[in-house]
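Novice: Mind looking at a prediction? Sequence and model below.
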Amino acid sequence: MTSDIPVKIRPEIAALPPYKQGRQAGADAFKLSSNENPFDPLPGVIETVRSQTALNRYPDATASRLRERLAARFGVTPDEVHIGAGSVSILAQLLLAAAGPGDEVVYAWRSFEAYPGLAAVAGAKSVLVPITDDGRHDLQAMADAVTGRTRAVIVCSPNNPTGPIVTQAEFDAFVERVPADVLVILDEAYAEFVTDADAVDGEEVLASGRHPNVVVLRTFSKAYGLAGLRVGYAVGHSRILDAARSTAIPLSVTAQAEVAALASLDAEAELIERVASIAVRRDQLVAALREQGWRVPDAQGNFVWLSTGAETLAAAQAFEEGGVIVRPFAGDGIRISVGEAEAVDRVLEIAASVVSGLPEGHSGRGISGGLA
Ligand SMILES: Cc1ncc(COP(=O)(O)O)c(C=O)c1O
């Protein structure tokens with residue numbers, strides 16, 4: 001509907017559903033709807049942010065200290081690193097730079113809910129390639145979907161919201177099939193939580209130097225727990241990143257975000273410990289859900305997926321009534337972030353009653369307690 005907009009708006013933009021954030025939780029509820037980190041910022045972060053008091057000054061436009069730091073870590077030059085106000089903003093910049101009207105952007109579906117809107121804003125057409133029954137990318141089908149009009153392909157590993165990774169072997173075979181002048185965005189927002197040794201690793205893809213068309217996206221929002229400060233990064237060919245820089249809104253990465261990211265990188269040991277504890281909690285949650293009879297795809301991020309299908313909104317309501325805010329995708333499933341230890345217990349209590357109400361043969365139910 002555009003008739004209620006008082007000015008002329010591009011029809012494809014007016015048609016977009018308004019952005020809906022994961023619901024805020026009341027004081028006694030757990031917010032498990034946005035894949036946030038339940039831990040406080042890493043040691044030293046708050047003090048460092050507090051010390052950044054020159055609020056009357058613009059930040060360093062290219063966050064050069066953070067770029068240098070990440071460049072050293074990835075073994076690239078600072079020009080091959082780009083910082084954004086969250087990795088989602090870099091995703092938007094890359095799509096604006098690569099794909100316009102008449103062009104196509106290929107990605108798996110269901111995947112990160114921001115992809116359709118960002119492609120539409122760029123003016124490009126989304127080509128959605130269905131994920132497999134177990135929530136994985138179908139990379140053969142994605143490669144088949146690439147045409148002469150394709151300007152960008154997005155691979156999300158682990159896939160938000162379903163959870164499985166893309167393997168390194170699958171990714172390598174896929175990139176071989178994609179024309180070298182098509183941008184491949186490897187969205188690794190949850191990379192730090194991955195425990196599957198076969199998973200694609202953007203760092204290795206970049207180190208091989210074989211595919212200059214691949215740009216890796218990572219973020220400080222999830223594992224590093226800096227979602228509120230908005231800071232993410234891309235690593236890839238400097239000329240591709242120059243194009244992203246050209247479409248970026250200048251000066252959006254604050255000095256506070258930059259120093260918080262630097263301080264978080266200094267706390268590597270604590271980071272590893274926290275990430276490992278979330279991964280353990282996640283694996284326990286998945287095992288317990290399967291035990292209850294849920295069919296749960298492999299979970300490699302900080303969230304799990306329940307394929308509640310037509311029962312999705314009712315299931316989300318049951319969680320909410322039990323004090324847990326989850327992310328429902330109507331008609332499809334619900335995503336639940338791995339939060340505080342007490343939140344996991346609460347999730348399991350509610351999940352047990354929800355699964356018992358699902359009819360035999362429902363997509364959310366597993367065969368012998370797993371995916372099998
Ligand atoms: C797959 C994926 N990519 C990117 C992002 C964006 O994260 P941010 O913009 O906070 O870096 C998210 C956040 O939920 C995500 O799930």
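Specialist: Arrived safely, thanks for sending.
Novice: show me what contacts Val153?
Specialist: By Cβ atoms under 8 Å, 6 or more residues apart in numbering, the residues touching Val153 are Val105, Val106, Tyr107, Met142, Val146, Val178, Val182, Leu183, Val184, Ile185. Backbone N, C-alpha and C define where each C-beta goes, glycine included.
Novice: Save those as JSON lines, and put in distance to the ligand and neighbour count too.
Specialist: Shown next, in JSON lines, are the contacts of Val153 (distance: Cβ to the nearest ligand atom, whole Å; neighbours: other Cβ atoms under 10 Å):
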{"residue": "Val105", "distance to the ligand": "15", "neighbour count": "27"}
{"residue": "Val106", "distance to the ligand": "16", "neighbour count": "27"}
{"residue": "Tyr107", "distance to the ligand": "10", "neighbour count": "23"}
{"residue": "Met142", "distance to the ligand": "16", "neighbour count": "23"}
{"residue": "Val146", "distance to the ligand": "21", "neighbour count": "19"}
{"residue": "Val178", "distance to the ligand": "20", "neighbour count": "21"}
{"residue": "Val182", "distance to the ligand": "20", "neighbour count": "19"}
{"residue": "Leu183", "distance to the ligand": "16", "neighbour count": "24"}
{"residue": "Val184", "distance to the ligand": "15", "neighbour count": "23"}
{"residue": "Ile185", "distance to the ligand": "10", "neighbour count": "27"}
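Novice: Restricted to helices, list those.
Specialist: Among the contacts of Val153, the members found in helices (DSSP state H) are Met142.
Novice: Look up how far Val205 lies from the most centrally placed residue in the chain.
Specialist: The chain has Ala189 as the residue nearest its centroid, 4.5 Å off, counting by Cα atoms, centre = their mean. With distances taken as Cβ to Cβ, to the nearest Å, Ala189 is found 16 Å from Val205.
Novice: before we move on, what about Ile131?
Specialist: Distance of Ile131 to Val205, computed by Cβ to Cβ: 21 Å.
Novice: if we can go back for a sec, am I right that the residue nearest to the centre of the chain is in contact with Ser87?
Specialist: Yes: with contact defined as Cβ atoms under 8 Å, Ala189 counts as touching Ser87 (6.0 Å).
Novice: Overlap of the contact sets of these two?
Specialist: Leu217, Arg218, Thr219, Ser221, Gly232.
Novice: How about the longest helix anywhere in the chain, which residues are buried there?
Specialist: For the chain, the helix with the greatest residue count under DSSP H is helix 268-292. Across helix 268-292, burial judged by 16 or more other Cβ atoms under 10 Å covers 271, 274-275, 278-279, 281-282, 285-286, 288-290, 292.
Novice: In stretch 43-55, which residues are buried?
Specialist: Gly44, Val45, Thr48, Val49, Gln52.
Novice: Kindly report the same for stretch 148-160.
Specialist: Thr150, Arg151, Ala152, Val153, Ile154, Val155, Cys156, Ser157, Pro158, Asn159, Asn160.
Novice: Kindly report the same for stretch 293-312.
Specialist: Buried residues in stretch 293-312 (16+ other Cβ under 10 Å): 293-308, 311-312.
Novice: In the protein, what residue lies closest to the ligand?
Specialist: Gly86 (2.6 Å; Cβ to the nearest ligand atom).
Novice: quick one: low-confidence parts of the protein?
Specialist: Low-confidence segments of the chain (pLDDT under 70): 1-2, 20-25, 367-372.
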